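[1] sequence and computational prediction follow.
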Amino acid sequence: MTIDIHTARSNSTWKHAVIYQIYPWTFAEDIERSPQLGHGSIRGIEQRLPYLEALGVNALWLSPFYPSPMVDGGYDIADFKNVDPALGTLEDFDNLVNAAHAKHIRLMVDFIPNHSSDKHEWFEKSRRREEGFEDWYIWHPGKVDEHGNHQPPNNWASVFSMPQRKARAHGEMDWLRPDEWTPPLSAWQWDDVRKEFYLHSFAVEQPDLNWSNPYVREAMKDAMRFWLDRGVDGFRVDAVNHIGKNMDLPNEEVNTAYNEEWNDNPYDQLLNYNSCGYPAKLHEYVWEMCQVLKDEAYETRDLRMILEAYMGESDLRDIDAIAPEVASTFNFGGLSADWSAGARKIQMDYYYERLLKDAVGNQVNGNHDKSRLAQRLGHNGARAAAVTTLFLPGMRFVYNGEELGLMDADIPEDRLQDPNGLRDPERTPIPWDDTLPNSGFSCAEPEALWLPANHADAHKAVSRQEQHDKSSLALYRAAIRLNHELEAATGEYVSLHTENDQVLSYGRRSPDGEQLIVMTNFSRNKQRGVKVSDSMFVMGQTILSSVTVERESRRVDLRAGVTLEPDESVVIKPI
């Protein structure tokens, strides 16, 4: 009998999952490896599964582990169906999947559809015009100017244009007037082998695949099936909006709202409507990827895709409507909103109000591309954000090290790996035990580490935090455990209101009437007598505090008012 996919996924465990993102190059190196190489490994991840099980996470999201020249931290892929030998083997990967599943932990892997490495055999064949591969990438002869020089076919820019600002600051663009914008890098690169330009939305070494070619689409879907057949439970799809392009290649319009004072990236000088997120094509391609997960071969499995796309809310809603039973876009609204009660309430209310009935919502406080949560909000603010986010409906994403309260590292320029020179500080090794070399991440010499350890965070090592019941790690463990234990934490989102503009409040209510309320003080001052005017209940008891964790439960009267410490978030259940 054929199973209706809507019914099969109606009770999807993804709806309430806590998903832990692992950046494999700096997570953990396996202790048996000899010699130690200074970067993480697949076996190292498997060895840390007991830690992840104790944390309480339901799934792992594995950032790129594929063979790569590592120009862009693994997002330049030379083979979509293998493991980078520096990280391990396919056998190691299979063992990780099986070991994770044995602990009831699912595995989601990064899928990068927009581009490959220029070292991929597909690109090598395409640049040589080998039969069948001529248009696997986006090629164009360009234009010839009056001096006989080859010029790109249009004004499309590379997302990786931020180094232009740095170059200008170092005096490399002295021909520009002070009031002129810093020019972005072209998204087109001349290839001397083919004698044409190829498109690269990101680094020069990351040529864009031509998704208008059905053979390319089939090859990418085949890569998805390869990993699903090895037991993978889903995909985090990287930069999905970039696969949708207007293949007439018109110029982009200038973004007249761009301001050099407020915008870090010259890429934003253009509206970028044709070079990415072009809806007529993007929606078609996303639909095709969703069909892979809905294939008959996988109908008994609860598979999921989460799509990365930096777009407007209405555009994201259109994507979410394509196949909400298997795919949804990242909710970056909270990540980009101001850290204030008013801004967060507006974003949260709007997000859950617009969420489609069959969709699985999500919340995210950080990732490998964003400055660490504690760096942005301070230690106490980060703890409050954790409690606020972890009790919201949907998938909750935790970036490795976030649970430890790690900060961005100060990395010497000669040790940087990121082509943008910006994202390495949040990608440094996890400190496991500060009594060991490199805080237990690897026994390699410090200079051999792929990125240096952040010695300023050594005191936040797992081994230390496990000894303290008020540590950041203790807070995350308690919050995730309560999420699993409380029936109310599986219920609907309820928008609540306080009479204090420094305090946010919301509720959760399950179908059988179980309730809880979360209150968060966004200020650095104590707030007294905070009333929840539309509270679902009157008398309650705090069961979790971002300040004291579970040590000091207290009775509260929500109509009379609640006292909150600076940067405190509390979870209250009725009594």
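    Nice, I can see it.

[2] hey, let's count contacts and neighbours off CA atoms from now on
    Will do.

[3] so which strand or helix has the spatially most central residue of the chain?
    Centroid-nearest residue in the chain: residue 367, 4.5 Å away (criterion: C-alpha atoms, centre = their mean). Taking DSSP states H and E as the definition, residue 367 sits outside all helices and strands.

[4] can you pull the pLDDT of it?
    According to the prediction, residue 367 has pLDDT 97.

[5] which SSE is residue 107 in?
    strand 106-111.

[6] so which elements touch that strand?
    strand 59-62, helix 90-102, strand 234-237 (3 or more C-alpha pairs under 8 Å, 6 or more residues apart in numbering; DSSP states H and E).

[7] what's the closest of the ones you listed to residue 420?
    Evaluated over these, closeness to residue 420 peaks at strand 234-237, with 20.9 Å, by C-alpha to C-alpha.

[8] before we move on, the earlier item: in the next helix or strand after the strand holding residue 107, which residues are buried?
    Once the chain leaves strand 106-111, the next helix or strand it forms, by DSSP H and E, is helix 121-127. For helix 121-127, burial by neighbour count (16 or more other C-alpha atoms under 10 Å) applies to 122-123, 125-127.

[9] quick one: distance of helix 121-127 to the chain centre.
    From the chain centre to the centre of helix 121-127 is a distance of 30 Å (C-alpha atoms, centre = their mean, to the nearest Å).

[10] neighbouring contacts of it?
    Outside helix 121-127, the residues within contact range by C-alpha atoms under 8 Å, 6 or more residues apart in numbering are 78, 116-118, 133-137, 191, 193-194, 207.

[11] for the following helix or strand past it, which outside residues touch it?
    Per DSSP H and E, the first helix or strand lying C-terminal to helix 121-127 is strand 139-140. For strand 139-140, contacts defined as C-alpha under 8 Å, 6+ apart pick out 153, 196-199.

[12] stretch 364-374 now?
    21, 23, 330-332, 334-335, 380-382, 385-386, 389, 396-399, 402, 405-408, 423, 425-427.

[13] using PDB, write out every CA atom in it.
    C-alpha atoms of stretch 364-374 as PDB (Å, rounded to 0.1, in the frame of the first residue of the first chain):
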ATOM      1  CA  VAL A 364      18.900  29.700  14.700                       C
ATOM      2  CA  ASN A 365      21.300  31.900  16.800                       C
ATOM      3  CA  GLY A 366      24.500  31.300  14.900                       C
ATOM      4  CA  ASN A 367      26.400  29.300  12.300                       C
ATOM      5  CA  HIS A 368      29.800  29.000  10.700                       C
ATOM      6  CA  ASP A 369      29.300  32.300   8.700                       C
ATOM      7  CA  LYS A 370      28.300  34.500  11.700                       C
ATOM      8  CA  SER A 371      30.200  35.900  14.600                       C
ATOM      9  CA  ARG A 372      29.600  33.700  17.700                       C
ATOM     10  CA  LEU A 373      26.500  34.400  19.800                       C
ATOM     11  CA  ALA A 374      28.500  35.300  22.900                       C
END
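
[14] mind listing what the closest residue to residue 73 other than its chain neighbours touches?
    Nearest residue to residue 73 in three dimensions, chain neighbours excluded: residue 418, at 6.7 Å (C-alpha to C-alpha, 6 or more residues apart in numbering). Residue 418 sits next to 71-73, 424 when contact means C-alpha under 8 Å, 6+ apart.

[15] so how far is residue 448 from residue 418?
    Distance of residue 418 to residue 448, computed by C-alpha to C-alpha, to the nearest Å: 17 Å.

[16] next: residue 216.
    Distance from residue 216 to residue 448, by C-alpha to C-alpha: 38 Å.

[17] ok, the two, which is more surrounded?
    residue 216 (19 against 14; other C-alpha atoms under 10 Å).

[18] is the more buried one in a helix, a strand, or coil?
    helix (DSSP: H, G, I helix; E, B strand; the rest coil).

[19] and it, what's its pLDDT?
    On the pLDDT scale, residue 216 gets 98.

[20] quick check: it touching residue 223?
    No - contact status for residue 216 versus residue 223: not in contact, 10.7 Å apart, counting by C-alpha atoms under 8 Å.

[21] quick one, phi/psi of the residue nearest to residue 73?
    phi -70, psi 130 (degrees, to the nearest 10).

[22] which pLDDT value belongs to it?
    pLDDT, residue 418: 93.

[23] what of residue 1?
    34.

[24] what pLDDT, on average, does stretch 471-478 get?
    98.

[25] what comes into contact with that stretch?
    Residues contacting stretch 471-478 (C-alpha under 8 Å, 6+ apart): 54-56, 383, 386-387, 403-405, 462, 465-466, 468-469, 544, 546, 549-550.

[26] chain center to it: distance?
    That offset, for stretch 471-478, works out to 21 Å (C-alpha atoms, centre = their mean).

[27] would you mind measuring from residue 252 to residue 187?
    12 Å.

[28] joint contacts of those two?
    residue 156.

[29] more crowded one of those two?
    Taking neighbours as other C-alpha under 10 Å, residue 252 and residue 187 compare with residue 187 leading, 26 against 17.

[30] ok, the more buried one - contacts?
    Contacts of residue 187 (C-alpha under 8 Å, 6+ apart): 156-158, 199-202, 204.

[31] among the residues you listed, which two are most distant?
    By the measure C-alpha to C-alpha, 156 and 204 form the most distant pair in the contacts of residue 187, at 13.4 Å.

[32] which one's more surrounded, these two?
    residue 156 (27 against 21).

[33] the more buried one touches residue 186, doesn't it?
    Yes - using C-alpha under 8 Å, residue 156 is in contact with residue 186, at 6.2 Å.

[34] beta-bridge partners for residue 494, please?
    Residue 494 has these beta-bridge partners by DSSP bridges: residue 507.

[35] give the contact list for it.
    Contacts of residue 494 by C-alpha under 8 Å, 6+ apart are 506-509.

[36] repeat that for 7 Å
    Contacts for residue 494 (C-alpha atoms under 7 Å, 6 or more residues apart in numbering) come out as 506-508.

[37] in a markdown table: those, plus neighbour count and pLDDT.
    Listed next are these as a markdown table, based on neighbours: other C-alpha atoms under 10 Å; pLDDT from 0 to 100:
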| residue | neighbour count | pLDDT |
| --- | --- | --- |
| 506 | 25 | 98 |
| 507 | 24 | 98 |
| 508 | 23 | 98 |
